[in-house]
Each structure stands twice: as structure tokens, then as C-alpha cells.
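# Build the 3D model from these lines:
(one chain, ligands or ions: 4)
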Amino acid sequence: MLIDSYDRVVDYLRVSVTERCNFRCQYCMPEKPFSWVPKENLLSFEELFLFMKIAIDEGVKKIRITGGEPLLREDLDKFIKMIYDYEPNIDLAMTTNAFLLKGTAQRLKDAGLKRINVSIDTLKPKIAQKIAQKDVLKNVLEGVDEALRVGLKVKANMVPMKSLNADEIIDVLRYCKERDISVRFIEYMQNSFASKEIEGLKSAELLDILRAKYEFSDDGFDGSSPSHYYTMSDGYRFGIIEPYEDDFCKQCNRIRLTAEGNLIPCLYFDEAMSISKAIKAGDIKAAGEVLREVVRTKPEKNRWGGDEGEISSRAFYETGG
Ligand SMILES: Nc1nc2c(ncn2[C@@H]2O[C@H](COP(=O)(O)OP(=O)(O)OP(=O)(O)O)[C@@H](O)[C@H]2O)c(=O)[nH]1
Ligand SMILES: C[S@@+](CC[C@H](N)C(=O)[O-])C[C@H]1O[C@@H](n2cnc3c(N)ncnc32)[C@H](O)[C@@H]1O
Ligand code: SF4
Ligand code: SF4
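Ligands and ions are numbered 1, 2, ... in the order given. Alright, predicted model coming up:
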């Protein structure tokens, strides 16, 4: 079992399989980065799988594939099947923009993927075009329909932003509710890669909008999720994620792996240790040591909550969110 120095069990690994993306979301990657990680520096699926096996043997129970856009990586279903065949009980999930999901959902489900979290920021084609800088909405919604049809469990993530999609909070919730998709509203996190004009809604503003329309109870946090959950009288549950807070850090159970093999103990800090050399040499013992060291050095909590209004220099597309 992987236990950090604050007695937290680390059993959730988020794996970014690529930093590339077919969208240019205003809040994440409005411009194509100056340079991508060179292809030869990326870990192959075989190499990533070698590390997945080590992590699973050490007690990891939940693996989330993310990115950039994970569906851009060819043969993703084969990678998922490798993990599933090794340990079918893993909570195997993916975070995706859903653009390519219509043609891939069935294969991913057959390979062993259990659930997906999809970014649904808007239901208006023109706003989707503004946010992603591409005409994406039709594909995204068809992708969600297909995921539901093949039996994948779906959650939605929405980042509400003033003058863009803030007036659609109720509409997105309604869309999700009708499909039994739990939606989480994520506070926009200022970061040095995002468009400068963006202004996100704070959780208090979100709650005011939702309270004007619905009654709901406050359920607090659920396990290790950073989402604060609320339940409506008919049982529908939605969440609010405040990435700047640190109250959920007490239950933190996660580490992150980037596509080039950097293992990140905490989203806030820049520290990371590479597993690349060990994995490329097939040195399971050395890779396991890096894993245990990263868990050992996990900080207690993030420090975004200071008065300085700190801007994150972490690229979401690199860490996978
Ligand atoms: N500050 C902080 N925010 C996080 C962390 N993990 C996730 N988030 C935020 O939550 C958002 C949604 O995460 P998802 O990729 O949907 O994954 P998840 O919330 O772990 O999903 P579930 O397994 O379905 O609970 C991310 O984009 C971040 O904004 C974390 O460790 N720290
Ligand atoms: C980086 S994306 C990667 C997966 C996939 N491309 C997607 O968009 O779902 C993961 C999550 O990060 C969130 N995200 C990206 N930039 C953000 C920001 N500045 N503030 C809050 N959430 C952000 C997205 O909304 C998405 O839910
Ligand atoms: S949020 Fe996801 S879809 Fe949007 S640019 Fe970032 S990685 Fe791509
Ligand atoms: S900010 Fe760091 S300590 Fe807090 S939940 Fe995220 S990864 Fe864990």
C-alpha cells in the first residue's frame, strides 16, 4: 500500500497520455504551445503499462486517463485493455472533450473503460466555437450520446465564465439531469497559459444561481473527490469544485503522471520525479522506488489559498487537470 507522510493512502493515479489537443480552450490552451514534448520523449503504451502494473501492485485502485486530449493518442483502447486485463477491478476512467468519442466509445467500453468525465461548458454552438476556438458542439454532444448508449457512466465538467457561458448553468444542469449525468461546476483557475480576459464564477455566485431555481442539501465532500456535492429533492446530485481551496487535500489520494514520465506529487508544487529512465530500462525496482519516493514527499496541501491571488503556472494540458 502507498501511504504518504500524512497517513493518506495514495490509490489514485491520473495518467496524461498526451499534452496535445484538438481544441484550444480559452481557459486551458488558447494558443498552440511554442513546442510540444518531442514524440521520442513520450512513454510508449508498453512503457506506461509497465508502470501501471507497478502502481497497481503497490495498491493503486483508480486510474484516470487524461491529457491534453487522450483520444488523440492512437490505440488508446489497446492501452486500456492492457490495464483491464491485468486488473479488471480497477476503477478505470477517462477525462475527455468527447470530440472523437462517437467513433471510439464502443471500442473503449469493450476494452474495459468504465466511465468518462466530459467537458460540457455550453449547449450553444457559437459559444462552444468561442471557447474551444473550433466548431465542436455537435461532435461533443453526439459523443456523449454514444458513450451513454454503450453503457459508459458519464460525469460532466463545466467551467462557468462571465460573458461566455455563465448564463447556461441551469441549462447545462438540466441537460445533464435529464441524462442522469452528474455535473460538476469547476471554478476557473487562473493560470499563465489561459486567455487574460477570462473571469470565472466563484462558488458563492454559482450557488446563488442554482438556489434561485432549485432546493438542495449540502452533502459536503464525498471520499477523496475535490468536489463538494449537493443533492436535490429528487435525488439528483451535482458538485462544485473549488481548486483554490485546500480542505479536500486532507483526503488527497492522488498522484499524476505526465506523458513523458514525470510523476507529480501535488498539483500545486512544481516538484516532480521522472520514471522515464527506469521504465525505459525495464528496471521495475528503480521505478517502484521513484513511485514510493514521490508518495513519501507528497505535501500536506496546496498553497493557492493565500491572499496574493496566486496564478498557477501549471499547464492543465500537461498535468491533465
Ligand atoms: N486543486 C485540485 N483540483 C483538482 C484536483 N484533482 C482534480 N481537480 C479539479 O477537478 C477537475 C475535474 O477532475 P476530473 O478529471 O473530472 O477527475 P475527478 O474529479 O478526480 O473525477 P472523479 O473520479 O469522477 O471524482 C480538474 O480539472 C481540476 O480542476 C487536485 O488534486 N487538486
Ligand atoms: C486539461 S483537461 C484534459 C482532458 C480533456 N481534454 C478535457 O477537456 O476534458 C481536464 C480538465 O481540466 C479542466 N480545466 C482546464 N483548464 C482549466 C482552468 N483554467 N480552470 C479550471 N479547470 C480547467 C477542464 O475543464 C477539464 O475538465
Ligand atoms: S481543457 Fe481539455 S479540451 Fe480544452 S484545450 Fe485543455 S486539454 Fe484541450
Ligand atoms: S492540491 Fe495537492 S494535496 Fe491538494 S488534493 Fe490536489 S494534489 Fe492533493
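# closest point of the stretch 201-321 of the chain to ligand 3, which residue?
Nearest to ligand 3, among the residues of the stretch 201-321 of the chain, is Y317, at 4.4 Å (CB to the nearest ligand atom). Just so you know, the C-beta spots here come from the backbone N, C-alpha and C atoms, and that holds for glycine as well.
# Spell out, range by range, the helices that occur in the stretch 101-250 of the chain.
105-111, 125-132, 137-150, 169-178, 203-211 (DSSP state H, counting those that start in this stretch).
# quick one: buried residues of the longest one?
So that's helix 137-150. Neighbour-count burial for helix 137-150 flags L137, N139, V140, L141, E142, G143, V144, D145, E146, A147, L148, V150 (criterion: 16 or more other CB atoms under 10 Å).
# Looking at those, which one is closest to K162?
L137 (20.2 Å; CB to CB).
# Find the closest residue to ligand 1 in the stretch 201-321 of the chain.
Closest point on the stretch 201-321 of the chain to ligand 1, by CB to the nearest ligand atom, is G321, at 3.0 Å.
# wouldn't that residue be in contact with T95 here?
Yes - look at G321 against T95 with CB atoms under 8 Å: they come within range, at 6.2 Å.
# Which neighbours do the two have in common?
Here G321 and T95 have T66 as joint contacts, going by CB atoms under 8 Å, 6 or more residues apart in numbering.
# Which positions in the stretch 1-150 of the chain make contact with ligand 1?
By CB under 6 Å from any ligand atom, the residues of the stretch 1-150 of the chain that approach ligand 1 are R64, T66, A93, T95, N117.
# Mind checking what secondary structure the fourth one has?
Assigned by DSSP: H, G, I helix; E, B strand; the rest coil, the conformation of T95 is strand.
# What is the burial count for R24?
Burial of R24 is recorded as 16 neighbouring residues (other CB atoms under 10 Å).
# From ligand 4, how far off is it?
25 Å (CB to the nearest ligand atom, to the nearest Å).
# Find the nearest non-adjacent residue to that residue, please.
What sits nearest to R24 in space, not counting adjacent residues and going by CB to CB, 6 or more residues apart in numbering, is Q133, at 4.1 Å.
# any idea how far the one you found is from ligand 2?
For Q133, the distance to ligand 2 - CB to the nearest ligand atom - is 13 Å.
# Got the phi and psi for that residue?
phi 60, psi 40 (degrees, to the nearest 10).
# Who is the residue lying closest to D219 once chain neighbours are set aside paired with across the strands?
Nearest non-adjacent residue to D219, counting by CB to CB, 6+ apart: Y229, 4.3 Å away. Y229 forms beta bridges with G220, G239, as assigned by DSSP bridges.
# any idea how far stretch 29-47 is from the chain center?
18 Å (CA atoms, centre = their mean, to the nearest Å).
# got the end-to-end distance for that stretch?
27 Å (CA to CA, to the nearest Å).
# ok, and the closest non-adjacent residue to R149?
R149's closest residue in space is A105 (CB to CB, 6+ apart), at 7.6 Å.
# any idea how far the residue of the stretch 151-300 of the chain found nearest ligand 3 lies from Y236?
Residue of the stretch 151-300 of the chain nearest ligand 3, by CB to the nearest ligand atom: V159 (8.2 Å). Taking CB to CB, to the nearest Å as the measure, V159 falls 21 Å from Y236.
# Neighbour count for these two, which is higher?
A side-by-side neighbour count of V159 and Y236, using other CB under 10 Å, places V159 first with 23 against 18.
# residue contacts, the more buried one?
Y27, S119, D121, F185, I186, E187, Y188, G200.
# From D218, how far off is the nearest residue to S224 once chain neighbours are set aside?
Computed as CB to CB, 6+ apart, the closest residue to S224 that is not its neighbour in sequence is N253, at 4.1 Å. Using CB to CB, N253 is found at 22 Å from D218.
# V17 too?
36 Å.
# who has more neighbours, these two?
V17 (25 against 9).
# thinking the more buried one is in contact with L76, fair?
Yes - assessed by CB under 8 Å, V17 is found in contact with L76 at 6.9 Å.
# shared neighbours of those two, which are they?
Joint contacts of V17 and L76 (CB under 8 Å, 6+ apart) are I65, P70.
# quick revisit: and the residue nearest to R24, how many neighbours?
Q133 has 16 nearby residues by other CB under 10 Å.
# ditto for K78
Neighbours of K78 using other CB under 10 Å come to 13.
# Which strand or helix spans it?
helix 76-86 (DSSP states H and E).
# Could you give me the buried positions within that helix?
Buried, per 16+ other CB under 10 Å, within helix 76-86: L76, D77, F79, I80, K81, M82, I83, Y84.
# For those, which two are the farthest from each other?
Farthest-apart pair in the buried residues of helix 76-86 is L76 and Y84; separation 12.4 Å (CB to CB).
# Local confidence estimate at F269?
F269 is assigned 89 on the pLDDT scale.
# Quick check: G288 touching I56?
No - at 11.7 Å, G288 and I56 do not qualify as touching, with contact defined as CB under 8 Å.
# what about the residue of the chain found nearest ligand 2, how many neighbours?
Nearest residue of the chain to ligand 2, counting by CB to the nearest ligand atom: G321, 2.9 Å away. Neighbours of G321 under the rule other CB under 10 Å: 22.
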